[in-house]
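[1] just a sequence and a predicted model for now, questions to come.
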Amino acid sequence: MSQQRAEHLIRPAVVADAEGIAGVHIRSWQSAYRGMLPDSYLDGLDLAERGRWWRNLLEHPDWATTWVAVQEDAIVGFLSLGPSRDEDADTRTLEIYTVYLEPALFGSGIARDLMRTALAEVPARSTVTLWTAAENERGRHFYRRHGFSPDGTERIEQIGGTDLSEVRYRRG
């Protein structure tokens, strides 16, 4: 017997989405980064604090455009796109800052729809970059399926008292 998946809607985020986004953000990090970052750090991520952080960002949308995936009135994923923060980027280079999904929905097509929605907004002849953990094989595969490839640039981010090796992916 086949399972029918609930429909989802992709739409621009609004300030009232902050707590829903924060919850997805935390649960996704706890799933995707388990084993890469300390359990104590991941288990200590604070919903109220992350909600305030997202509320502030969404109240000042000039930093990026954020889309949310909504399923049965709940935020189940999100993606943010804005100007690249990299020193070597030109003015036409955009960056995907975040793309996260409820862990139970990995492989559901919702992240694909978020990515397609964002990429449809990218002006012609623009480059899009993103950073991902070098050990994040699921994410790296997802980005390759959407036309991104590693460009040879790497960095180390200090997160939760741990050095996390990241690689940059580029499209366009």
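    Thanks, I have the structure now. Treat the numbers as computed from the prediction; the structure is a model and nothing was measured.

[2] residue 170 pairs with what?
    Beta-bridge partners recorded for residue 170 (DSSP bridges): residue 129, residue 149.

[3] that one - how many residues pack around it?
    As a burial measure, the neighbour count of residue 170 was computed by other CB atoms under 10 Å and equals 17. Where C-beta positions appear, they are placed from N, C-alpha and C, glycine not excepted.

[4] got the contact list for it?
    By CB atoms under 8 Å, 6 or more residues apart in numbering, the contact set of residue 170 is 127, 128, 129, 148, 149, 150, 151.

[5] what do you get for residue 35?
    By CB under 8 Å, 6+ apart, residue 35 lies in contact with residue 135.

[6] go on, residue 74?
    Under the criterion of CB under 8 Å, 6+ apart, the neighbours of residue 74 are residue 20.

[7] one more: residue 139?
    Remark: with contacts taken as CB under 8 Å, 6+ apart, residue 139 is in contact with 32, 132, 133.

[8] I'd say the last one and residue 166 touch.
    Spelled out, it's residue 133. Yes - with contact taken as CB atoms under 8 Å, residue 133 and residue 166 are classed as touching, separated by 5.8 Å.

[9] hey, what's the residue nearest the centre of the chain bridged with?
    The residue at the geometric middle of the chain, judged as the C-alpha nearest the mean C-alpha position with CA atoms, centre = their mean, is residue 99 (1.6 Å). Using DSSP bridges, the beta-bridge partners of residue 99 come out as residue 79.

[10] ok, it to residue 163 distance?
    Residue 99 is 23 Å from residue 163, where distance means CB to CB, to the nearest Å.

[11] likewise residue 149?
    24 Å.

[12] these two: which is more packed in?
    A direct count of neighbours by other CB under 10 Å for residue 149 and residue 163 places residue 149 higher, at 11 against 8.
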